[in-house]
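Participant: Predicted model follows, preceded by the sequence.
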Amino acid sequence: MNAVEHVVLVDENDQILGTEEKMKAHELALLHRAFSVFIYRKEAGTVEILLQQRYAKKYHCGGLWTNTCCSHPRLDEEITLAGRRRLKEEMSLDIPLRRVGSFVYKISFSNGLTEHELDHVLVGEYLPNQSIILDPLEAEAYRWATVENIIQELSINAEHYTPWFKPAFQLILEDLCLNC
């Protein structure tokens, strides 16, 4: 992997405009392609989502809870394959993924960086007997949480979650028909 990471710049219709160095794209608030992976399992009649707590020293949102993993695809990398690659790198899980939707968001942080992403939401079902081994530079902890517990936590302590988590989670609820 290159020492300098690049992101794929896109318009709001996900049409590629070029690439830019990752940190520069965040400094200039350039819209770029991203993905958020959600892994779920069914336990005793309930659905649980695998959450990760971001590494405290990440360039933004360190220590916050978020979806199973998230990142940026490489140029010409299919989005579900990019998600599967990062899931294996961050959590040591190899799980097929499917795309459930996307949304655009923009949020500025106190360190001068801005996330302006077209975020593709990906989902996959946990395969039994897989071990979860975290990349310590990406995540500090993980936990399984029921959908009901997440909804309650978001209503009481939304600040404990990344800014993109809530809209991405809503797409997961709709896809899995968990709020029907």
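Facilitator: Great, that's in hand.
Participant: Verify the stated contact: Asn111 with His60.
Facilitator: Yes - if you go by C-beta atoms under 8 Å, Asn111 and His60 touch, sitting 6.5 Å apart. No exception for glycine: its C-beta is placed from N, CA and C like everyone else's.
Participant: For these two, indicate the residue with more neighbours.
Facilitator: His60 (18 against 10; other C-beta atoms under 10 Å).
Participant: what about the more buried one, distance to His6?
Facilitator: In this view, His60 and His6 are 18 Å apart by C-beta to C-beta, to the nearest Å.
Participant: same check, this time on Ser131
Facilitator: 31 Å.
Participant: Give me the more crowded residue out of those two.
Facilitator: Taking neighbours as other C-beta under 10 Å, Ser131 and His6 compare with His6 leading, 17 against 7.
Participant: Who is the more buried one paired with across the strands?
Facilitator: Counting by DSSP bridges, His6 forms beta bridges with Glu21.
Participant: Same check on Arg98?
Facilitator: For Arg98, the beta-bridge partners are Val123 (DSSP bridges).
Participant: If I look at it, what pLDDT would I see?
Facilitator: With respect to pLDDT, Arg98 has a value of 96.
Participant: Surely it touches Val123?
Facilitator: Yes - contact status for Arg98 versus Val123: in contact at 6.1 Å, counting by C-beta under 8 Å.
Participant: right, and Gln130 touches Met91 too?
Facilitator: No - between Gln130 and Met91 there is no contact under C-beta under 8 Å: 9.2 Å.
Participant: thinking again about what came up before, Arg98 and Val123: which is more packed in?
Facilitator: Val123 (25 against 12).
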